[in-house]
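A.B. asks: how would this look folded up:
(one chain, ligands or ions: 3)
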Amino acid sequence: MNDNNNKNKKLPPSGNNSFFIFLIISVVATVILNVAISSLTAPKTKEILYSDFVQMIKNDEIEEVVLAADKIQVIKKDSGSKTTTEKLLKLWGMKDNTRQELYYTGYINDQRLLPLLDEKGIKYSTPIQYSNPVLEFFLAWILPLLFIYGMFFLVSRSLSKKMGGGIMGVGQSKAKMYMESKTGVSFRDVAGQEEAKESLNEIVDFLHNPMKYTAIGAKQPKGALLVGPPGTGKTLLAKAVAGEANVPFFSLSGSEFVEMFVGVGASRVRDLFKQASQNAPCIIFIDEIDAIGKSRDNQLGSNDEREQTLNQLLAEMDGFDSSKGVVILAATNRPDVLDKALLRPGRFDRRIIVEKPDLKGREAILHVHVKNVKMAPEVDLHEIALATSGAVGADLANMVNEAALRAVRMGRSVVIQEDLMEAVEVIIAGKEKKDRILSDNEKKLVAYHEVGHALATAVSKNTDPVQKITIVPRTMGALGYTMQMPEEEKYLMNKDEIIDELTVLLAGRAAEEVAFGVKTTGASNDIERATELARNMITIYGMSDKFGMIGLESIQNRYLDGRRVSNCSQETQAAVDDEVRDVLEKCHKTAVDILENNRTALDRISEFLIEKETITGKEFMEIFNKVKSENLLDEQTADDVQETDNNLCDF
Ligand code: ADP
Ligand code: MG
Ligand code: ZN
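C.D. replies: Ligands and ions are numbered 1, 2, ... in the order given. Alright, predicted model coming up:
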């Protein structure tokens, strides 16, 4: 690495060059300004003969004479009629020199002049320097110069912000260079993602001792593509590589290649690779590469600039010699739209999957983020990790911060478990909305709805236990919710579990019907989720008796909540809809049965919930078990409960 070289290159575009150009422009502008002003304001003067001058005195045509060292200035008498401007100027005590006729003549040591002037009563004087010449020079030259230069500077700065690199900098690579000390991120800061770290470690190791690899004849991979959902730590991983590798690290976001001028992106790519090869060994990191790497055969919205940039990138990746030690990393969450040419061996031939973290990963990420937060000793991060299935690193970082903010709001000096749990809920359901007052009737409906979910959960075998039930409204629209807490991380779901989950989802609406005989809009989200799950079960998971294991739908954009695409005929789609409805109807019926069989528990727990607004899973189970044991005395009811349990499985 040659640091000096880099420093020169890293000068901002408004560096030396443009300083001089601006200076020259400003000087020229100031000269023009001064000439223009003096020619506009200077009185018009005419040269006359000395003899004519004497004649004019004798004819009484002169008002005033100014005797300067080398010439005599002559002011003729007013010619009578005055314009309004003149009158106005006079009113303000000013003299309009521009309209007076002025003459001058050479100076002659003429002894007769003064007596003659006295005789005719003509005023005479000699010019006095009213103003300070330094001040005058400053006002006329330096000030405008500074002003004009300042204007240029501001304009060019705002332009360069908009277009990147200023007028002079179009086409220059804007890659930021990160060195170890600058990112301050190392693999220790990236929790979980062990597989990704392992792959990247190999690259780092290659940059450190290439001999180890070349001795065997192994070639260094040219590029690696980090692929995964947003917020899983792809950018963070790349920065960590920079920290670990201790080599120059050029980081650029895909969108930064694309400017309003065609060809700029391509020249940026060229420039970037030139800089990189001068600094080899080094790492180039292109974040969000899908901005330029989109497949070229996409007819809709084809984009010349992007294609040129991509072509240049492909060419450069082929062109450079990987033995020199330039490694290209890129990150994207849309690998499916990338051009195939980018992905072939010899380009981004290595794909590093950065998945959503599992239970262990989430716990590790939480540990990383609580490092700088004061935590109460009894905080149990394992529990938080359990409650946040599906959350990515960015969510967890956010949660820890929310918890810390809440602790401050509550006037505590450390974060306690309750803060963290509340933060989890804020992320899932939004903030509590204390000022929304529900009418008693609505409160009752919401309470029964939520307890309906909870009871279905308690009765079904394959569901996670209830953690909390609340009817405090939340900002994201929920009027209440039931939180379930898994006891362990699950990676697979079997059909029974899906059926149970559907039953739980539909039990909210079922409770409204069983208790009040009404249907409310509160169940819309439940229905949406249940429908999607039921549809997946049939079209994607192959769990339908009618269709068997045919894949009827697929998901596009797996890493960003993808759209589903149907792969079947319209007739089949209609049949799928029927099947989905059948499944949902059966589950709904099961839910109604469960609630009718547990009517006493439903009433009792709902009353308790209306009074408390929020109850824990433990309180819920206590009441539920109490009601059950009371019912056990009555044998017939006990049989009913038994039957309910069987109901769940006979689907
Ligand atoms: P993306 O995958 O979208 O590029 P980022 O790398 O920008 O995600 O991650 C955003 C933030 O989330 C990081 O700054 C970090 O605080 C946090 N984060 C994400 N993944 C992890 C992880 N595995 N370990 C620690 N923090 C993480
Ligand atoms: Mg990113
Ligand atoms: Zn619900």
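
A.B. asks: quick one, domains of the protein?
C.D. replies: Per automatic domain parsing, the domain ranges recorded for the chain read 43-128, 176-353, 359-428, 440-630.

A.B. asks: Could you tell me the end-to-end distance of the shortest one?
C.D. replies: Using Cα to Cα, to the nearest Å, the end-to-end distance of domain 359-428 comes to 17 Å.

A.B. asks: do stretch 409-416 as well
C.D. replies: 13 Å.

A.B. asks: Give me the distance from it to the chain's centre.
C.D. replies: Between the mean C-alpha point of stretch 409-416 and the mean C-alpha point of its chain there is a distance of 29 Å (Cα atoms, centre = their mean, to the nearest Å).

A.B. asks: now stretch 464-478
C.D. replies: Shown here is stretch 464-478, whose average C-alpha point lies 30 Å from the average C-alpha point of the whole chain (Cα atoms, centre = their mean).

A.B. asks: list the contacts for residue 233?
C.D. replies: Residue 233 sits next to 190, 193, 354, 392, 393, 394 when contact means Cβ atoms under 8 Å, 6 or more residues apart in numbering. To be clear about C-beta, it is placed using only N, CA and C from the backbone, and glycine gets the same treatment.

A.B. asks: same thing but at 7 Å, please
C.D. replies: Contact criterion Cβ atoms under 7 Å, 6 or more residues apart in numbering gives 190, 193, 354, 393 as the residues in contact with residue 233.

A.B. asks: ok, and the most crowded of those?
C.D. replies: The member of these that has the most neighbours, counting by other Cβ atoms under 10 Å, is residue 193 with 28 neighbours.

A.B. asks: do you know how far that one is from ligand 3?
C.D. replies: Using Cβ to the ion, to the nearest Å, we find residue 193 at a distance of 35 Å from ligand 3.

A.B. asks: next one: residue 125
C.D. replies: Distance of residue 125 to ligand 3, computed by Cβ to the ion: 100 Å.

A.B. asks: How is the nearest residue to that residue once chain neighbours are set aside classified with respect to secondary structure?
C.D. replies: Take residue 125 and drop its neighbours on the chain: the residue closest to it by Cβ to Cβ, 6 or more residues apart in numbering is residue 66, 5.8 Å away. When the structure is reduced to helix, strand and coil (DSSP: H, G, I helix; E, B strand; the rest coil), residue 66 reads as strand.

A.B. asks: and the gap between residue 66 and ligand 1?
C.D. replies: In this structure, residue 66 lies at 78 Å from ligand 1, with Cβ to the nearest ligand atom, to the nearest Å as the measure.

A.B. asks: got it, and residue 408?
C.D. replies: If you measure residue 408 against ligand 1 using Cβ to the nearest ligand atom, the figure is 20 Å.

A.B. asks: again, but for residue 335
C.D. replies: Distance, residue 335 to ligand 1, using Cβ to the nearest ligand atom: 13 Å.

A.B. asks: what's the nearest residue to the residue in the chain positioned nearest to ligand 1 if we skip its chain neighbours?
C.D. replies: Ligand 1 sits closest to residue 393 of the chain, with a gap of 2.1 Å, by Cβ to the nearest ligand atom. For residue 393, ignoring the flanking residues on the chain, the nearest one in space by Cβ to Cβ, 6+ apart is residue 233 at 4.6 Å.

A.B. asks: any idea how far residue 157 is from the one you found?
C.D. replies: According to Cβ to Cβ, to the nearest Å, residue 233 and residue 157 sit 35 Å apart.

A.B. asks: Over to residue 627?
C.D. replies: According to Cβ to Cβ, residue 627 and residue 157 sit 73 Å apart.

A.B. asks: do residue 312 as well
C.D. replies: Going from residue 312 to residue 157 by Cβ to Cβ gives 29 Å.

A.B. asks: Help me confirm that the residue of the chain closest to ligand 1 comes into contact with residue 229.
C.D. replies: No - Residue 393 sits out of contact with residue 229 when judged by Cβ atoms under 7 Å, with a separation of 10.1 Å.

A.B. asks: Let me know the secondary structure of residue 356.
C.D. replies: For residue 356, the reduced secondary structure class is coil; criterion used: three-state DSSP.

A.B. asks: OK, contacts around it?
C.D. replies: With contacts taken as Cβ under 7 Å, 6+ apart, residue 356 has the following neighbours: 229, 232, 390, 392.

A.B. asks: Quick check: it vs residue 559, distance?
C.D. replies: Remark: distance between residue 356 and residue 559 (Cβ to Cβ) = 9 Å.
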